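A.B. asks: Sharing a model that was predicted from the sequence below.
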Amino acid sequence: MGRYILRRLLATIPVIFGVSVLVFFMVHLVPGDPAWVLAGDQATQEQVQKIRDELGLDRPLYIQYLSYVSNAVRGDLGRSIHCRRPVWEMIKDHFPVTLELTTASMIIAGFFGIIIGVISAVKQYSVFDHLSMVGALTGISMPIFWIGLLLMWFFSLYLQWVPTGGRAAHPWSLEELKHLALPVMTLAGISVAMIARLTRTTMLEVIRQDYITTARAKGLRKSVVVFKHALHNAMIPVITFMGLQYGVLLGGAVVTETIFSWPGMGRLVVQAIYDRDYPVIQGCILFFAVIFVIINLAVDILYGILDPRIRYD
């Protein structure tokens, strides 16, 4: 196991390197100049050029990239062009907020998605099965911003149960849970639908296997057959999807955070794009790439826990 983890970690080096190259040069190809953003519309060409010199934007791109990589290897992701704060400090301020949102969403999505999928598989072609699969298909088909706006209209404007957006001043309080409710429901909605459909499909494959028929013939209780024998072996594809989806939510909660004014990494990246803040954009995306790689590694390790037959030799 130790050698496998080491090999996987070494294999991530070219992945991170490729991400850094793509992000750096794609960001610099986007129309717009950070110097003009900082100087303002009324600035002269001399003032803009002075800012470019101070920021090092007048140097060739490959020189800028080599400087960026050498600093990143030492843990220095640079300073924000807009607010002059270290990028790493900005990530430390915003990432826990996004982690709170996505973790809560993934827990809820996994819990309800697996339960719905299992019941649909056990009661195949029942009314519950048809209704849940129609609901899952509807959830997958609806854009996430539309789900967020519908939830905001119903729970905030019509029922007035929860705030429309923002984050409470005191984390882990009742007020914080109210602010967290709508963003979590929005993010979890599509994930619940996908997990339910995948769980149902894998469960239907497993419960038709011979060892499940044998377990039933031995007189085991239905709950033992379903949850101990069938679900345990059907969870590997579900765990794979949930791990990948968790990484996607961590790096892709931009729309949800924007709709609900949630001060996480998504809003930070969006604001950095508006400001043409190259170091912040590059640092955030590079950070997301590292997190995604770590999550994939954790999912692979979980395979061996769920199925002892899997070896990493």
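C.D. replies: Nice, I can see it.
A.B. asks: tell me what the helix or strand where residue 13 lies is packed against?
C.D. replies: Per DSSP states H and E: residue 13 is located in helix 2-29. With contacts taken as 3 or more Cβ pairs under 8 Å, 6 or more residues apart in numbering; DSSP states H and E, helix 2-29 sits against helix 61-73, helix 278-306. To be clear about C-beta, it is placed using only N, CA and C from the backbone, and glycine gets the same treatment.
A.B. asks: what comes into contact with the shortest one?
C.D. replies: Defining contact as Cβ atoms under 8 Å, 6 or more residues apart in numbering, one finds that helix 61-73 is touched by 20-21, 24-25, 28, 56-57, 59, 77-78, 279, 282, 286.
A.B. asks: angle of it against helix 278-306?
C.D. replies: Helix 61-73 and helix 278-306 meet at an angle of 50 degrees, taking axes from the mean of the first three to the mean of the last three Cα atoms, to 10 degrees as the criterion.
A.B. asks: the bottom helix or strand of this structure by mean pLDDT?
C.D. replies: Least confident helix or strand, the chain: helix 34-39 with a mean of 73, by mean pLDDT, DSSP states H and E.
A.B. asks: who does it touch, helix- and strand-wise?
C.D. replies: helix 45-55.
A.B. asks: returning to what we had before: now distance to residue 44 too, for the helices and strands packed on helix 2-29, in JSON lines please.
C.D. replies: Formatted as JSON lines, the helices and strands packed on helix 2-29 follow (distance: least, Cβ to Cβ, whole Å):
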{"stretch": "helix 61-73", "distance to residue 44": "24"}
{"stretch": "helix 278-306", "distance to residue 44": "23"}
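A.B. asks: Would you mind finding the most buried of the ones you listed?
C.D. replies: Mean neighbours per residue, mean count of other Cβ atoms under 10 Å, is largest over the helices and strands packed on helix 2-29 for helix 278-306, with a mean of 19.
A.B. asks: Need the three-state assignment for residue 263.
C.D. replies: coil (DSSP: H, G, I helix; E, B strand; the rest coil).
A.B. asks: ok so, going back, name the surrounding residues that touch the least confident helix or strand of the chain.
C.D. replies: Against helix 34-39 from outside (Cβ under 8 Å, 6+ apart): 43, 47-49, 51-52, 55, 57, 81-82, 275-278.
A.B. asks: Show me what counts as buried in that helix.
C.D. replies: If you call a residue buried by 16 or more other Cβ atoms under 10 Å, then helix 34-39 has these buried ones: 34-39.
A.B. asks: Relative to the whole chain's centre, how far out is that helix?
C.D. replies: With Cα atoms, centre = their mean, to the nearest Å as the basis, helix 34-39 stands 31 Å off its chain's centre.
A.B. asks: how about the nearest residue to the residue sitting nearest the centre point of the chain, chain neighbours excluded?
C.D. replies: Centrality entry for the chain: nearest residue to the mean C-alpha point is residue 249, 1.9 Å, by Cα atoms, centre = their mean. Of all residues not flanking residue 249 in the chain, residue 102 sits nearest, at 4.2 Å (Cβ to Cβ, 6 or more residues apart in numbering).
A.B. asks: Isn't that neighbour up against residue 187?
C.D. replies: Yes. Counting by Cβ atoms under 8 Å, residue 102 touches residue 187, with 6.7 Å between them.
A.B. asks: can you list residues touching both of these two?
C.D. replies: The contact sets of residue 102 and residue 187 overlap at 249, 253 (Cβ under 8 Å, 6+ apart).
A.B. asks: Pull up the gap between the closest residue to residue 285 other than its chain neighbours and residue 124, please.
C.D. replies: Leaving aside its chain neighbours, residue 285 sits nearest to residue 23 (4.8 Å; criterion: Cβ to Cβ, 6+ apart). Residue 23 is 46 Å from residue 124, where distance means Cβ to Cβ, to the nearest Å.
A.B. asks: Mind checking which of the two has more residues around it?
C.D. replies: Shown here are residue 23 and residue 124; by other Cβ atoms under 10 Å, residue 23 has more neighbours (20 against 13).
A.B. asks: Any figure for the gap between that one and residue 30?
C.D. replies: Distance, residue 23 to residue 30, using Cβ to Cβ: 11 Å.
A.B. asks: just to revisit the earlier point, for residue 271, state which of the buried residues of helix 34-39 is nearest.
C.D. replies: residue 37 (11.7 Å; Cβ to Cβ).
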